[in-house]
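Asker: Need a 3D model of the sequence below.
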Amino acid sequence: MNESYNRMLLRRRFCKRVVLMLTAFSVSFYASVLLFGGFKGPQVMRLTDLNRCPACYGVTVCPELYSNQITLDSNHWNMFNAKNIYYGYTKSNRRVVLKKLAHDWELREFDDKLCDTWHLKHSCKAIELLNMTNVDEKLLKIVEFNLTWPDTEPRKGLVMCPYAYSLYDLIQSLLNNRRESYKSEIINIWTMLSINPEPIILQVIPKSKGWPVPPYGGVCGRLEVVGHEGEPLSTLLQVAWHRKLKYAQKILDAAMDFTFKHDRFRFYLMDWSLDNIVANGKDEITFVDLEDLVVLDKHILPKKDLPDWYQRYSRELMGSGFTFSIENMCRHHLSDHNLWAACYVLAGDDNPLLYPIPKEVNTSRPHFDRLLSTCLNGEDRFRTVSKLQHVIEEMLSDEKIVGVGAVR
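Answerer: Residues are numbered from 1 along each chain as shown. Okay, here's the model as predicted:
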């Protein structure tokens, strides 16, 4: 009797597990059908939130999405995609990344505050923003940095300094200068500055002009399309050390480019990490997260609030970890922030790319480790980075170094 009862209990438990598994599968399956629009294949338009325009990023790539010139890769789709990052292909089989540029909760929070932000009725529609007249004021408020009373809270997004009005020169190339579309374009820019300015930056410093950023495909609603440029360096720590040295060379080059290459602005990135730098099969690197950065106009005429403008700012010791001062960056025409940040990625406290340095390298070039340490903790980082670039170039031409294998 007891044996029969035990068998019955086991059968019930087994059936319950089967039912739960089938239920979970059904929920996942039908959620994908609802999201992608049917059984014949993905319809990426469901991700765009076009109904939120003009409080969106724009519509430049909508025709390509609507006509299936760009399709989602269903093999990499996950209904629990917290980062809202998707992958796809163009008709020419070029791999692309589709990014909503924010978490769902961040987008909901933005929408919940939209009407109050513009002093509209609580039940307002996004289209009503086209009737607003104080758009320019809203733009400057997002990016300004108060030099008199600096923020005590960490800043996110794009900070325009030393004076916010330089934003108009930064975004000028993005505007069509057509009267009938100006208002919607400005609201698009306000939305990107409020949520994530990456599409703006990718157009100001495009890959086509040699910047180490992804190629910009365009935007549709609240979806950005960029080229897929490789895998994060944080997943490539097992590669041979000489390949890491190639990455290091290009990271230092990028730090100099972000600081000096543009004829008007400096771009100080606030989120340097191995997760945000990817590499392809040619060992070329790309910075794929351009959400948080300080953009400094180096051609302004300083007012009395900038007595030290023409002095060079060197990052002082601020304790362990990735720390920096936006206030000091904004008060000086030149900062070594990008150089220090690059060296932190290579040799800092948090999973440094180049460490441990192989014994053969430490034996033949003991000065290399000292240079990295000087870049982190010394004073003249511009001179130190110049020496590092020279040493790395020389090391990469040494067959003994190139033969050094993986160290992790």
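Asker: pretty sure Gln311 is touching His332, no?
Answerer: Yes. Counting by C-beta atoms under 8 Å, His332 is a contact partner of Gln311 at 5.8 Å. Where you see a C-beta, it was placed from the backbone N, CA and C, and this is true even at glycine.
Asker: So which of those two has more stuff around it?
Answerer: Between Gln311 and His332, counted using other C-beta atoms under 10 Å, the more crowded position is His332 (19 against 11).
Asker: residues touching that one, list them.
Answerer: Asp308, Trp309, Gln311, Arg312, Tyr313 (C-beta atoms under 8 Å, 6 or more residues apart in numbering).
Asker: Emit the ChimeraX select command for whichever of those residues are buried.
Answerer: Remark: buried members of the contacts of His332, expressed as a ChimeraX selection using 16 or more other C-beta atoms under 10 Å:
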select :309,313
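Asker: wait, which of the contacts of His332 is closest to Gly221?
Answerer: Among the contacts of His332, Tyr313 lies closest to Gly221 (C-beta to C-beta), at 40.0 Å.
Asker: and which of the contacts of His332 is nearest to Leu65?
Answerer: Once C-beta to C-beta is applied, the member of the contacts of His332 that ends up nearest Leu65 is Tyr313, at 43.8 Å.
Asker: Poorly predicted segments of this structure, please.
Answerer: Along the chain, segments meeting pLDDT under 70 span 1-42, 76-81, 148-154, 177-180, 317-321, 403-408.
Asker: repeat that for 50
Answerer: Where the chain drops to pLDDT under 50, the residues are 14-15, 17-42, 406-408.
Asker: Helices along that one, start to end?
Answerer: Assignment of helices within the chain using DSSP state H yields the ranges 2-36, 62-66, 104-117, 135-143, 167-171, 179-195, 198-204, 241-260, 326-331, 337-347, 359-364, 366-377, 381-396, 399-402.
Asker: quick one: His332 and Val278, what's the gap?
Answerer: Distance, His332 to Val278, by C-beta to C-beta, to the nearest Å: 31 Å.
Asker: likewise Leu47?
Answerer: Leu47 sits 22 Å away from Val278, going by C-beta to C-beta.
Asker: do the same with Leu301
Answerer: In terms of C-beta to C-beta, Leu301 sits 39 Å off from Val278.
Asker: The two: which is more packed in?
Answerer: Per other C-beta under 10 Å, whichever of Leu301 and Val278 has more neighbours is Val278, with 23 against 7.
Asker: For the more buried one, give the beta-bridge partners.
Answerer: Val278 has these beta-bridge partners by DSSP bridges: Pro232, Thr286.
Asker: which residues sit in contact with it?
Answerer: Glu229, Gly230, Glu231, Pro232, Leu233, Ile285, Thr286, Val288.
Asker: which residues does the residue nearest in space to the middle of the chain contact?
Answerer: What sits nearest the mean C-alpha location of the chain, by C-alpha atoms, centre = their mean, is Asp289, with 1.1 Å. Applying C-beta under 8 Å, 6+ apart, we find Asp289 in contact with Glu198, Asp271, Asp275, Asn276.
Asker: now for these, which pair is the farthest apart?
Answerer: Once C-beta to C-beta is applied, the contacts of Asp289 give Glu198 and Asp275 as the farthest pair, at 15.2 Å.
Asker: still on that earlier bit, please type out the PyMOL selection for whichever of the contacts of Val278 turn out to be buried.
Answerer: The following PyMOL line selects those of those that are buried, judged by 16+ other C-beta under 10 Å:
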select buried, resi 229+230+233+285+286+288
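Asker: closest to Leu388 among the contacts of Val278?
Answerer: Ile285 (15.9 Å).
Asker: residues in contact with the nearest residue to that closest one once chain neighbours are set aside?
Answerer: Distances taken as C-beta to C-beta, 6 or more residues apart in numbering put Lys250 closest to Ile285, at 4.6 Å, once the chain neighbours are dropped. Taking C-beta under 8 Å, 6+ apart as the criterion, Lys250 is in contact with Pro212, Asp283, Glu284, Ile285.
Asker: Need these in a markdown table (columns: distance to Glu185).
Answerer: Converted to a markdown table, the contacts of Lys250 look like this (distance: C-beta to C-beta, whole Å):
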| residue | distance to Glu185 |
| --- | --- |
| Pro212 | 27 |
| Asp283 | 38 |
| Glu284 | 33 |
| Ile285 | 32 |
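Asker: are any of the residues you listed buried, and which?
Answerer: Counted by 16+ other C-beta under 10 Å, these give Pro212, Asp283, Ile285 as buried.
Asker: The nearest residue to the first one once chain neighbours are set aside - how many residues pack around it?
Answerer: What sits nearest to Pro212 in space, not counting adjacent residues and going by C-beta to C-beta, 6+ apart, is Ala254, at 4.5 Å. By other C-beta under 10 Å, the residues close to Ala254 number 22.
Asker: Contact partners for Ala254?
Answerer: Going by C-beta under 8 Å, 6+ apart, the list of residues near Ala254 reads Pro212, Ile285, Phe287, Ala342.
Asker: same thing but at 10 Å, please
Answerer: Counting by C-beta atoms under 10 Å, 6 or more residues apart in numbering, Ala254 touches Trp211, Pro212, Val213, Lys261, Leu269, Trp272, Ile277, Ile285, Thr286, Phe287, Asn338, Ala342.
Asker: quick one, phi psi at the third one?
Answerer: So that's Val213. phi -130, psi 160 (degrees, to the nearest 10).
Asker: and it, how many residues sit next to it?
Answerer: By the criterion of other C-beta under 10 Å, Val213 has 24 neighbours.
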